[in-house]
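Enquirer: Give the three-dimensional model of this entry:
(chains A and B)
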Number of protein chains: 2
Amino acid sequence: MKARIITIGDEILIGQIVDTNSAWLATELHQLGIAIERIVSIADTREAIHDALNAVDDSIALVILTGGLGPTKDDITKAALGDWFNSGWRTDAMVLERVAEHFAIRGLPMPEVNRGQAEVPDNCEVLFNAHGSAPGMWFEKNGSVFISMPGVPFEMKSIFTDHAIPRIRTRIQKLPIIHRTIMTQGIGESSLMEIIGDWEENLRNSGLKLAYLPSVGSVRLRVSGFGNDEPALQRQIDQEVGNVLPLISKYAFGFDDEALESVIGKLLKTQGKTLSTAESCTGGYISHMLTSIPGSSAYFNGGAVTYSNQAKMEVLGVDEASLETYGAVSETVAIQMAEGARRIFHTDFAIATTGIAGPDGGTEEKPVGTVWIGISGPSGSFAQRFRMGDHRERNIRKSAMQGLQMVRKEILKEKGISLLEALH
Amino acid sequence: MKARIITIGDEILIGQIVDTNSAWLATELHQLGIAIERIVSIADTREAIHDALNAVDDSIALVILTGGLGPTKDDITKAALGDWFNSGWRTDAMVLERVAEHFAIRGLPMPEVNRGQAEVPDNCEVLFNAHGSAPGMWFEKNGSVFISMPGVPFEMKSIFTDHAIPRIRTRIQKLPIIHRTIMTQGIGESSLMEIIGDWEENLRNSGLKLAYLPSVGSVRLRVSGFGNDEPALQRQIDQEVGNVLPLISKYAFGFDDEALESVIGKLLKTQGKTLSTAESCTGGYISHMLTSIPGSSAYFNGGAVTYSNQAKMEVLGVDEASLETYGAVSETVAIQMAEGARRIFHTDFAIATTGIAGPDGGTEEKPVGTVWIGISGPSGSFAQRFRMGDHRERNIRKSAMQGLQMVRKEILKEKGISLLEALH
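Expert: Coordinates of the predicted model:
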């Protein structure tokens, strides 16, 4: 099955936004075993939309359109689709209710312009948008399926996941691709390649595929297999993953796109333990990551972002002499910060960060990117120094990932679970 | 002048990487006044490349191709271009030197196979790649220009900036597009549309364009003008922006993609004031936003993320009776949190958030999305309640933006600056 993605919106053509929708859709379709032959970004004009639809030939079984951002752009897309599919128009009751509700919840009157959002082409099936007023639409023409969705990423993702995928699945025979992704932290792509080179060669010879998927502070290793005997393929992949884990257990923390903060959350829940943070250079990013997980209040009591030395002393109890002798970016202060967080938030474990995120503030002795990460737990406290590089945003992200990985290992060690066991 | 971008590479079509090259190129071209009519991502096969080139018609004056990642992909692109342009082949001395140097630096002899990297079509002009071995290439055919570059972002950017832009500039007259973007917070796209509808109609009649660019917690309003008399165009846009600001000064906080946290940072610096945070439902996200700005340590002393009631009491001094009587998500607690942050971090202003981010934890009285935001400053403290909706990630972002906007207004009020004056 071949597919094409058409993204509609001037904001992509002038570089105002990066088209992340297409990458997300491509990943989803790839996992369904559907090959994308082309991604096209066009202007939000009727002419451009019609040109793009006219260019779809018989070989394309599935066309996915994502609209511009916002009701005005959605309107153009909807009107252009209605024309192209020779549609009549009807008011969809569910969509109208959704639009009215949107304003009612906020105690606002519904602007007249929004009523039009419930008008849909009469020859499409509506794919309900639980998070916004612009509906998804499913058209069929000459044996091909056309799915139109709004461009707002979380609305698009929810429509696609909840309503499009189940319908697409009924049209494809089976899932011929199986994936298993290993999540790693603390090692770059090329070093990883050196460690697992022999295993990788063997894997490729056995017909499986491997992809290195790096992002800031993390590399995902994706093993993929194609074939009809799904159970056999699954066994083969499980075995290969089992073979590589002992080589990379220092770095691997989970599977299948699970975030490190989610892995830690589950671990803390299972162990009945709690965590807190004391952040200087990461500025609250670690606690943001931890609290982005629903239910994190069960194990995350809180954190202190102590940017000033005064806050480090008064809030966390770091002693003035240590700040003067060693400086804020030091092993001693990182340890005292972690211990302070554990004490004031009454938690079993704590992560602390203190460093120079940049771009300014570096010295010869402590260049930009120098970060001390401290961990405190029931068995004691320690800190480790890192050189993260010279890019502020990446420093923050890499330091946060490193701190989370360190506390994960400490929790496991405390419980006597080996790094390899933790992955089973 | 109309342009098309063609990105070549399977990794985009399977969602392995997000196509950031196109957004970067689009921004650069847009600033040169060149309109992109389409961005196409295709597979790295000769057939797909030829199809894409055949689809370029006379109206497209400039075609930019970026290759896949890695030497093998670059080779396919180069060979396919050579075919399509009916090229002979020559060895480029500079490229050969560059390749040889690559091996010399590493103390390795150059394998004969790498000599092929210096082979280029004889009817292209080489655009030198200072950071890699795959050269950029400039072709001309039927009055259109075709620029091919490798896909590695930093190689592509350096070739484009240093070698392509100067050549493109000689072909275009001047910069015919001028933009001014107004940043707003606290109002949705459709409500904004109702407020400024008359102004918008007038704007369009005068030949200017308006775009609504919404993202979570914020809508950008972009006014664009096209024309040859740049100073006159600039005056016209300034005047129209001046006309609309009084209508939306409650929501507008800045211009031209400046982030709210950056606007607040400048304001605090100018006033010599300091800020702290006390976050419950936003979990550290506000302090992360504030500290993502380089130099924020000058005005941001720190923040407390108090997820547990105990932390609210012990760290911020919220009183137990208030927590029992009103609950953690209440006006009283929001105010006490803000006052606690101001006190422990010794700052002039503080923002506090307490709410139910979801997906769980809502009640009939306080449904998911209920958020109290507290502000404390030299003139006193207050809190306001919001209903943010039912999506955790968006709740966090919207609450953070709202808190930042509220503290911005409080800082201005303290200084006797009106919301309209603040925008001049």
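
Enquirer: alpha carbons only for contacts and neighbour counts from here, please
Expert: Will do.

Enquirer: the strands in the stretch 201-350 of chain A, which residues?
Expert: A:209-215, A:218-226, A:252-255, A:275-279, A:300-306, A:349-355 (DSSP state E, counting those that start in this stretch).

Enquirer: Which one of those lies nearest to chain B?
Expert: Chain B sits nearest to strand A:300-306 of all those, at 4.6 Å, using C-alpha to the nearest C-alpha.

Enquirer: What is that closest one packed up against?
Expert: In this structure, strand A:300-306 packs against strand A:275-279, helix A:285-291, helix A:331-345, strand B:300-306, with contacts taken as 3 or more C-alpha pairs under 8 Å, 6 or more residues apart in numbering or on different chains; DSSP states H and E.

Enquirer: For the third one, name the packing helices and strands.
Expert: Okay, so that is helix A:331-345. Checking 3+ C-alpha pairs under 8 Å, 6+ apart, helix A:331-345 ends up next to strand A:275-279, strand A:300-306, helix A:320-326, strand A:349-355, strand A:370-377, strand A:380-387, helix B:309-314.

Enquirer: what are the pairing partners of the first one, and which direction each?
Expert: If I follow you right, that is strand A:275-279. Sheet pairing for strand A:275-279, assigned by DSSP bridges, gives strand A:300-306 (parallel), strand A:349-355 (parallel).

Enquirer: Residues contacting it from elsewhere in the structure, which ones?
Expert: Defining contact as C-alpha atoms under 8 Å, 6 or more residues apart in numbering or on different chains, one finds that strand A:275-279 is touched by A:268, A:286-287, A:299-307, A:316, A:337-338, A:340-342, A:345, A:347-354.

Enquirer: got the buried residues for it?
Expert: A:275-279 (16 or more other C-alpha atoms under 10 Å in any protein chain shown).

Enquirer: Also the third one?
Expert: Residues of helix A:320-326 classed as buried by neighbour count (16+ other C-alpha under 10 Å): A:320, A:323.

Enquirer: Alpha carbons of the lowest-mean-pLDDT helix or strand in chain A, in CSV - could you do that?
Expert: Of all helical and strand segments in chain A, the minimum by mean pLDDT, DSSP states H and E falls on helix A:112-115, at a mean of 76. In CSV, the C-alpha atoms belonging to helix A:112-115 read as follows (Å, rounded to 0.1, in the frame of the first residue of the first chain):
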residue,chain,number,x,y,z
GLU,A,112,-20.8,33.2,14.4
VAL,A,113,-17.7,32.3,12.4
ASN,A,114,-17.4,29.1,14.4
ARG,A,115,-20.9,27.8,13.4
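
Enquirer: helix or strand right after that helix?
Expert: strand A:119-121 (DSSP states H and E).

Enquirer: what helices or strands is that next one leaning on?
Expert: Partner elements for strand A:119-121 (3+ C-alpha pairs under 8 Å, 6+ apart): helix A:71-84, strand A:89-91.

Enquirer: gap between residue A:326 and chain B?
Expert: 19 Å (C-alpha to the nearest C-alpha, to the nearest Å).

Enquirer: Where does the prediction get shaky in the stretch 101-250 of chain A?
Expert: Applying pLDDT under 70 to the stretch 101-250 of chain A flags the ranges A:173-176.

Enquirer: Get me the contact residues on it for chain B.
Expert: Residues of the stretch 101-250 of chain A that fall close to chain B, judged by C-alpha under 8 Å from any C-alpha of the partner chain: A:105-106, A:111, A:113-114, A:213.

Enquirer: so how far is stretch A:30-45 from its chain's centroid?
Expert: Centroid separation for stretch A:30-45 versus its chain: 20 Å, with C-alpha atoms, centre = their mean, to the nearest Å.

Enquirer: how would you label the residue nearest to residue A:84 when sequence neighbours are not counted: helix, strand or coil?
Expert: Closest residue to residue A:84 apart from its sequence neighbours, by C-alpha to C-alpha, 6 or more residues apart in numbering or on different chains: residue A:50 at 6.8 Å. Three-state assignment for residue A:50 (DSSP: H, G, I helix; E, B strand; the rest coil): helix.

Enquirer: same question, residue A:357
Expert: Going by three-state DSSP: residue A:357 is coil.

Enquirer: isn't it right up against residue A:369?
Expert: Yes - shown here, residue A:357 and residue A:369 form a contact pair, counting by C-alpha atoms under 8 Å, at 5.6 Å.

Enquirer: Now the common contact residues for these two.
Expert: A:390-391, A:395.

Enquirer: and the stretch 301-424 of chain A, which residues reach chain B?
Expert: Residues of the stretch 301-424 of chain A lying near chain B (C-alpha under 8 Å from any C-alpha): A:301-308, A:310-311, A:314-315, A:344-345, A:358-360, A:392-393.
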